[in-house]
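Visitor: fold the following for me, if possible:
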Amino acid sequence: MRVSGAVVVVVSGLMLAACSAGGSGSGASVGSAAAGLQHPVTASTGPTKKNGVGGIGSSLGDMAYIHGRPQRPTGPCAAPNACFGAPVVNTEDGTTYAFTGVTTFDGLVSGYRQNFVDGTSAVAAVGAVLGFLPADAHASVVTPIYGATTSCAFVNVSSPTVAALFPSQSQQATDGGLSNTVVGVELSGSTSTGFQTYDPADVQVAHVTLGADSSSMPC
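Guide: So this is what the prediction gives:
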């Protein structure tokens, strides 16, 4: 997971049902890739939004209005404005919420962990992430990273709108050649024995950081 400046940005997840639900279509797109992405897809998840409302670059008030706050949360979600959205159940965390670990930078949401139900595909997961980013957001291909005992995959997202919101955090990707790349997304899940793994047919969580991810970074 990447640490960018003073901010650790973690993307949390929409349930697969949200990915398949109808929406207003942001126009954001994800590139095809060998690791399960065979065709470009267009994000059309989530409620009507504008310029990142409900995701990176929005206010905490926007997050609460769009996604709602958990009822009587416990643990890490007991902290104010730490978690948003409906409950999600997966192997990674058991029972959690759609958006957890929310962080801010200069008063704007700079990251979160986006949680998915088991069996969410990489296409659906990336589409869900893009669904709450500005309409000018575009994703690179999905690139798997394999370690000795763990694996994950990363995607870099370019967005001039997000770059303008976080000028001190903006970074151009060295992998993929995307300009205005300011968001890095790490995809993974957990096995029943607790090992972090990347399966393009079973993404349970997306972690996002300000700044491009690279294949040289460990999971």
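Visitor: C-alpha only now, for contacts and for neighbours.
Guide: Noted.
Visitor: how much space separates N156 from R113?
Guide: Between N156 and R113 the distance is 16 Å, computed by C-alpha to C-alpha, to the nearest Å.
Visitor: so those two - more neighbours on which side?
Guide: Taking other C-alpha atoms under 10 Å, N156 and R113 do not tie; N156 has more neighbours (31 against 26).
Visitor: name the strands paired with the helix or strand hosting that one and say parallel or antiparallel.
Guide: According to DSSP states H and E, N156 maps onto strand 151-158. Pairing partners of strand 151-158, with direction, according to DSSP bridges: strand 138-139 (antiparallel), strand 143-146 (antiparallel), strand 181-190 (antiparallel).
Visitor: what pairs with the lengthiest strand in the chain, parallel or antiparallel?
Guide: Counting by DSSP state E, the longest strand found in the chain is strand 94-105. Strand 94-105 has the following sheet partners, assigned by DSSP bridges: strand 84-90 (antiparallel), strand 108-114 (antiparallel).
Visitor: residue boundaries of the helices in the protein?
Guide: Taking DSSP state H as the criterion, the chain carries its helices at 16-20, 60-67, 122-130, 160-165.
Visitor: out of those, which is the most enclosed?
Guide: Of all these, helix 122-130 has the most neighbours on average by mean count of other C-alpha atoms under 10 Å, namely a mean of 27.
Visitor: give the buried residues for stretch 105-113.
Guide: Neighbour-count burial for stretch 105-113 flags L108, V109, S110, G111, Y112, R113 (criterion: 16 or more other C-alpha atoms under 10 Å).
Visitor: let me see the contact set for C83.
Guide: Taking C-alpha atoms under 8 Å, 6 or more residues apart in numbering, we find C83 in contact with R69, P70, C77, Y97, A98, F99, T100, G101, V102.
Visitor: measure the residue lying closest to the first one once chain neighbours are set aside to H67 for me?
Guide: Leaving aside its sequence neighbours, R69 sits nearest to F84 (C-alpha to C-alpha, 6 or more residues apart in numbering; 4.7 Å). If you measure F84 against H67 using C-alpha to C-alpha, the figure is 6 Å.
Visitor: mean confidence score for stretch 144-163?
Guide: What stretch 144-163 shows for mean pLDDT is 90.
Visitor: now the end-to-end length of that stretch.
Guide: Stretch 144-163 has its terminal residues 25 Å apart, counting by C-alpha to C-alpha.
Visitor: cool, stretch 200-219 as well?
Guide: 15 Å.
Visitor: likewise stretch 116-123?
Guide: 12 Å.
Visitor: equivalent analysis for stretch 69-78, please.
Guide: 11 Å.
Visitor: show me what stretch 188-205 is in contact with.
Guide: 11-13, 35-36, 90-92, 113-122, 125, 144, 149-153, 187, 206.
Visitor: ok, G55 touching A64?
Guide: No - contact between G55 and A64 fails when scored by C-alpha atoms under 8 Å: they sit 10.8 Å apart.
Visitor: alright, calling it a day.
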